[in-house]
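> Need a 3D model of the sequence below.
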Amino acid sequence: MYNTEVEPDVQPEADNDISLSPHDRILDDDHTDSETDPDSHPVSRDDDQRHLTNPLIGTDSTHTAYPSGRPSYLGTSSNWSFGRRIYTMIHERVYGRPPSAASLLFEGSSYDLGWDGRRTTMEDDTAVLPTADFALFLINAVKFHSGQLFHLFDEDYFMRKFASFHGTSNDLASGGQDRDLWYVHYVLILALGKAFIVRVGKERTPPGADLFVHAMRLLPDITYLCTDPIQSIEILCSAALYLQCIDMRTSAYNLLGQAMRTAVVEGLHTDVNSQHHSPAMIERCREIWWTVYVLDCHMSSLMGTPLALHEQDISARLPVFGGAMQKSTALGIHVQLAKMTASILQTVYSKEGRMDDRFVPSIKVALKSLAKINDERNQAFPINLKDCAGSVSRLGAYLHLFHHTCIMLTVRPLLYVFLQRRMQRNDSRRVSSGGGVRSLLRVCVASAQSSLKILISLQSQGLLESFIPFDLESIWSSSLTLLVTSAVDSTLLRGETAWTQNVYGLLDEMIARGNLVAGHRKNEFELMEQCLDQLKVTPASLVVPHDSVVNGNSDTNLCGQVTATQEEATLSHGSFEPLRGWDYEDGLNGEQLTAIADSLEFGDLDWLQCGPFGQLDGDVQLQ
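Sure, this is the predicted structure:
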């Protein structure tokens, strides 16, 4: 349950406008200038208890339920949870009841490994290792698909063992295998490689499952793994990545947690520079640490859970990669974006999560930090959004998508509050530019639109990832952002109408490549679209009211309707609009992001504390 109960400081005015301070009006009608409204009054802050909490967090945990009835926690920053919250809200608004769980996606329900996780005897293990030449091809596939992002094995050591293994094994099929940790590591890498290049059939078994299960059955207990901690961390990261790819997020998160704990115990989070480590081992330790850290930020964000380690506890240096500048630059940007994700989780999605003087500064800090990364990323890995047919770097695209994900993650609690407000009535309203809020939402929308544009470019070049989940998560985050925006204020989309076809085209591509999770995501997106369409065409008197969304005392004609053609005309003359005349395909530079951050005035954002959302009484509860 997440609390949205507010005790408003300002009473609604007689003309049914939203009660805000003179320049705080968020939802304009077509005739009121919020800068000159003589009836508005400043907001009192004499009671610290009067605030609106981030609706995605709360003092009580929020759960939904599997079809079996087992509860499932809705993590605060989780993409999956965000989609489930949105669908539940609009479904309850239209039909007066929560949606059925039977047709929805739940973690671990898409694929079947054919293994229950118990390490039983090996008589029934039927895994067949590939020949040396095919194995080398699979290893290179792992290097191409994930080697630019994550360190999963040390190539010199790994390939020496590979040569030795295939040089001494006369008959691999007979079972004469080397059973040390490297062998487990080797089989996991083969499983990943197979998953990257093989399409899933109609059955629910993911590619490489036989190899993955074979390796996991041989994986020793942590007491043995600690005897070779460096390679063990690489093994745990490889296994965690595979599980993340097949949407077994909890298992992946737990395995990565073991890797994180092992790395911290070994001091990899510090500046490793000891007489007991060779230069090559120091470089390897640095590559391992930042892989663990980045994966932890990714997985924690997607799970909606707190981070294991705070940035101030980390002093590890970046690896130098033998002077390879592009690789060093890419990792530097990658780590900065991971740190930004950590910062967002620890501020915007913090325990208290208040949308007041603690919340707004966190958005400003996040935007300014992202602005600094933005220019470095654009210089090192430029992407022209106006030329979808142009060549796109797979690594550069990933970094751009990660950057846009950070922006959407920062802003979407506000977007969610606007959707809650929108569910109260069926009239169209326009988000005002007062306090910089419209620019903030435009940046969020632009990130979603830019992400889809980049993904379409990757699709056209055959570079869209169908197994590693980050492209799919980017599609999902972008589609939810645009779907909610279209319901809240369609003028923010600036006439963009092709985005739904783009979403379906990307999901269909992944489905055709065998991604079963993409099929579930497509189904849920269609269900949400149908609910919103029903809300648009159903007369207000026939829409089922819901106490958790609608305040019975609120006026149903709070704001006048504003059409897209009135958009520029309805801008408050005294407001500051950093993005006026800007198109998302032009891209955002650091200066623009900084200007938007600076335009977020605390005095102009008292609506976060009371304002138009002050009438949302009660809690929204997912059942």
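
> Extract the C-alpha set from stretch 277-297 and format it as PDB.
C-alpha atoms of stretch 277-297 as PDB (Å, rounded to 0.1, in the frame of the first residue of the first chain):
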ATOM      1  CA  HIS A 277      48.600  -8.800  -6.700                       C
ATOM      2  CA  SER A 278      50.300  -8.700 -10.100                       C
ATOM      3  CA  PRO A 279      49.400  -5.800 -12.400                       C
ATOM      4  CA  ALA A 280      47.300  -8.200 -14.500                       C
ATOM      5  CA  MET A 281      45.400  -9.400 -11.400                       C
ATOM      6  CA  ILE A 282      44.800  -5.800 -10.300                       C
ATOM      7  CA  GLU A 283      43.300  -5.000 -13.700                       C
ATOM      8  CA  ARG A 284      41.200  -8.100 -13.600                       C
ATOM      9  CA  CYS A 285      39.900  -7.200 -10.100                       C
ATOM     10  CA  ARG A 286      38.900  -3.700 -11.300                       C
ATOM     11  CA  GLU A 287      37.000  -5.100 -14.300                       C
ATOM     12  CA  ILE A 288      35.300  -7.600 -12.000                       C
ATOM     13  CA  TRP A 289      34.300  -5.000  -9.400                       C
ATOM     14  CA  TRP A 290      32.700  -2.600 -11.900                       C
ATOM     15  CA  THR A 291      30.800  -5.400 -13.500                       C
ATOM     16  CA  VAL A 292      29.400  -6.500 -10.200                       C
ATOM     17  CA  TYR A 293      28.500  -2.900  -9.300                       C
ATOM     18  CA  VAL A 294      26.800  -2.100 -12.600                       C
ATOM     19  CA  LEU A 295      24.900  -5.300 -12.600                       C
ATOM     20  CA  ASP A 296      23.800  -4.600  -9.000                       C
ATOM     21  CA  CYS A 297      22.500  -1.200 -10.000                       C
END
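
> what does that stretch rub up against?
149-152, 154, 156, 230, 233-234, 237, 240-241, 256, 259-260, 263, 266, 268-269, 272-274, 307-309, 314, 316-321, 331, 334-335, 338-339, 341-342, 345 (Cβ atoms under 8 Å, 6 or more residues apart in numbering). Yep, even glycine has a C-beta here, placed from its N, CA and C like the rest.

> could you flag which of those are buried?
By neighbour count, with 16 or more other Cβ atoms under 10 Å, the contacts of stretch 277-297 hold 149-152, 154, 230, 233-234, 237, 240-241, 256, 259-260, 263, 266, 268-269, 272, 307-309, 314, 316, 319, 321, 331, 334-335, 338-339, 341-342, 345 as buried.

> would you say Leu241 is within a helix?
Yes: assessed by DSSP: H, G, I helix; E, B strand; the rest coil, Leu241 belongs to a helix.

> Now do the strands in the protein.
Listed in chain order, the strands of the chain (DSSP state E) span 2-3, 27-28, 63-65, 71-73, 430-431, 619-620.

> In terms of secondary structure, what does the fourth one contact?
Contact partners of strand 71-73 among helices and strands, from 3 or more Cβ pairs under 8 Å, 6 or more residues apart in numbering; DSSP states H and E: strand 63-65.

> So which bits of the strand it packs on are buried?
Thr64.

> From the contact counts, what lies against that strand?
strand 71-73.

> The strand it packs on pairs with which strands, parallel or anti?
strand 63-65 (antiparallel) (DSSP bridges).

> to the chain's geometric centre, what's the distance from the partner strand?
Chain-centre distance of strand 63-65: 20 Å, with Cα atoms, centre = their mean, to the nearest Å.

> For Lys143, which non-adjacent residue is closest in space?
Nearest residue to Lys143, sequence neighbours excluded (Cβ to Cβ, 6 or more residues apart in numbering): Glu155, at 7.9 Å.

> how close does the one you found get to His185?
Applying Cβ to Cβ, to the nearest Å, the value for Glu155 to His185 is 12 Å.

> repeat for Glu473
27 Å.

> pretty sure Tyr186 is touching Lys161, no?
Yes: counting by Cβ atoms under 8 Å, Lys161 is a contact partner of Tyr186 at 7.3 Å.

> quick one, which of the two is more surrounded?
Higher neighbour count among Tyr186 and Lys161: Tyr186, with 25 against 19, using other Cβ atoms under 10 Å.

> Now do the contacts for that one.
Taking Cβ under 8 Å, 6+ apart, one finds Phe158, Lys161, Phe162, Phe165 in contact with Tyr186.

> Could you rerun that using 7 Å?
Shown in contact with Tyr186 (Cβ atoms under 7 Å, 6 or more residues apart in numbering): Phe162.

> ok, it to Gly193 distance?
Where Gly193 is concerned, Tyr186 sits at a distance of 11 Å (Cβ to Cβ).

> how near is Tyr183 to Ala215?
The value you get for Tyr183 to Ala215, if Cβ to Cβ is used, is 8 Å.

> ok, these two, which is more surrounded?
Counting neighbours by other Cβ under 10 Å for Tyr183 and for Ala215 shows that Ala215 has the greater number, 24 against 17.

> what comes up buried for the helix ranked longest in the chain?
When the chain is parsed with DSSP state H, its longest helix is helix 394-422. Residues of helix 394-422 classed as buried: 395-422 (neighbour count, 16+ other Cβ under 10 Å).

> and that helix, average pLDDT?
Averaging pLDDT along helix 394-422 gives 93.

> repeat for stretch 331-351
92.

> what's near enough to touch the residue nearest to Leu464 when sequence neighbours are not counted?
Among residues not flanking Leu464 along the chain, Leu458 sits closest, at 4.6 Å (Cβ to Cβ, 6+ apart). Contact analysis of Leu458 by Cβ under 7 Å, 6+ apart lists Val392, Ala397, Leu464.

> And the pLDDT for the residue nearest to Lys143?
For Glu155, pLDDT reads 96.

> And for Arg494?
Looking at Arg494, the pLDDT reads 80.

> can you check Cys559 too?
On the pLDDT scale, Cys559 gets 32.

> Relative to Tyr73, how far out is Val443?
For Val443 relative to Tyr73 (Cβ to Cβ), the value is 30 Å.

> Who has more neighbours out of those two?
Just comparing Val443 and Tyr73: by other Cβ under 10 Å the higher neighbour count belongs to Val443, 26 against 15.

> Which neighbouring elements make contact with the longest helix of the chain?
If contacts are counted by 3 or more Cβ pairs under 7 Å, 6 or more residues apart in numbering; DSSP states H and E, helix 394-422 sits against helix 79-95, helix 325-347, helix 359-380, helix 437-460, helix 470-488.

> Alpha carbons of the first one, as PDB, please.
So the one you mean is helix 79-95. Below are the C-alpha coordinates for helix 79-95, written out as PDB (Å, rounded to 0.1, in the frame of the first residue of the first chain):
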ATOM      1  CA  ASN A  79       9.600  -1.600 -14.400                       C
ATOM      2  CA  TRP A  80       7.400  -4.700 -14.000                       C
ATOM      3  CA  SER A  81       5.800  -3.300 -10.900                       C
ATOM      4  CA  PHE A  82       5.200   0.100 -12.500                       C
ATOM      5  CA  GLY A  83       3.300  -1.500 -15.300                       C
ATOM      6  CA  ARG A  84       1.300  -3.600 -12.900                       C
ATOM      7  CA  ARG A  85       0.400  -0.600 -10.800                       C
ATOM      8  CA  ILE A  86      -0.700   1.400 -13.900                       C
ATOM      9  CA  TYR A  87      -2.800  -1.500 -15.300                       C
ATOM     10  CA  THR A  88      -4.500  -2.200 -11.900                       C
ATOM     11  CA  MET A  89      -5.300   1.500 -11.500                       C
ATOM     12  CA  ILE A  90      -7.000   2.000 -14.900                       C
ATOM     13  CA  HIS A  91      -8.700  -1.400 -14.800                       C
ATOM     14  CA  GLU A  92     -10.200  -0.600 -11.400                       C
ATOM     15  CA  ARG A  93     -11.300   2.800 -12.700                       C
ATOM     16  CA  VAL A  94     -13.100   1.300 -15.700                       C
ATOM     17  CA  TYR A  95     -14.400  -2.000 -14.300                       C
END
